[in-house]
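In: Fold the following for me, if possible:
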Amino acid sequence: MKRLVFLAGTVGVVLLALWALNPRPLAPPPSPGDCVMIAVASNDWHTNLYLPAEAFPADSGLRRDWPEADWFVIGWGDEGFYLEGPSVSGAFAAMVPPSPTVLHIVALETSPEAYFLDRSVAIAVSRQGLDVIAADIMGELARSESGQPIRLEGGFLPGQSAFYRATSSYHLLRSCNQWTADRLRRSGLAINSPVSSFAQPLVWQLDWFAPKSCPPD
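Out: Next up, the predicted model:
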């Protein structure tokens, strides 16, 4: 009996901690007349956001760097892992903060779903929810002394992508997928960020709980 009580108490503490660590939603869910479609893509280990370029102000650094873009594919992660490729030593280094991070931005003139083979989940968010995601991403961009995003060399798609230095740190309790989940949770979606260390739990939550289309007017 004591073991059952201890187990129940432990589970309760864990659930309470997960609830406390989950970001507070900052936007309402989509409603008739207030809805924008975005998507989240997964290659089974990493997730990316698919966002319309119009989510960002026309004078923002991203829009100035990629004026022809209709869509942005945005991922966040450990700088060494992204730029140098996966390795055992790199994985251990990434888990120990402070671990510098980058944003990988792909600019497309066509829908990302038509361009990439990664599995994607279409998601409906309110306009305010999209604004929250965009503001979070703009806040994640490290800035030069002149206030411009710090763009690094390279990108996985030459001529269509680039790495940008980011401000936050990657570590054991903050993975790339939790970063994506944080953005979605803050946008108003029913997502648990702490349990989204890996891509699949996040995709499952999107499949189960996220609205897949805009409400009818």
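In: wait, isn't Val203 in contact with Ser120?
Out: No: using C-beta atoms under 8 Å, Val203 makes no contact with Ser120, being 9.5 Å away. To be clear about C-beta, it is placed using only N, CA and C from the backbone, and glycine gets the same treatment.
In: packing partners for the helix or strand containing Phe163?
Out: Following DSSP states H and E, one finds Phe163 within strand 161-165. Secondary-structure packing of strand 161-165 (3 or more C-beta pairs under 8 Å, 6 or more residues apart in numbering; DSSP states H and E): helix 79-84, strand 101-108, strand 151-152.
In: Strand partners (parallel or antiparallel) of the shortest one?
Out: Strand 151-152 sits in its sheet next to strand 161-165 (antiparallel), going by DSSP bridges.
In: secondary structure element for Val195?
Out: Judged by DSSP H and E, Val195 forms part of no helix or strand.
In: low-confidence ranges in the chain?
Out: For the chain, residues meeting the criterion pLDDT under 70 lie at 1-21, 85-97.
In: helix/strand/coil for the residue positioned nearest the centre of it?
Out: The residue lying closest to the centre of the chain (C-alpha atoms, centre = their mean) is Thr180, at 2.4 Å. The local conformation at Thr180, judged by DSSP: H, G, I helix; E, B strand; the rest coil, is helix.
In: For it, give its distance to Met138.
Out: 16 Å (C-beta to C-beta, to the nearest Å).
In: anything in contact with each of Val203 and Ser120?
Out: Residues touching both Val203 and Ser120 by C-beta atoms under 8 Å, 6 or more residues apart in numbering: Val40, Ser42.
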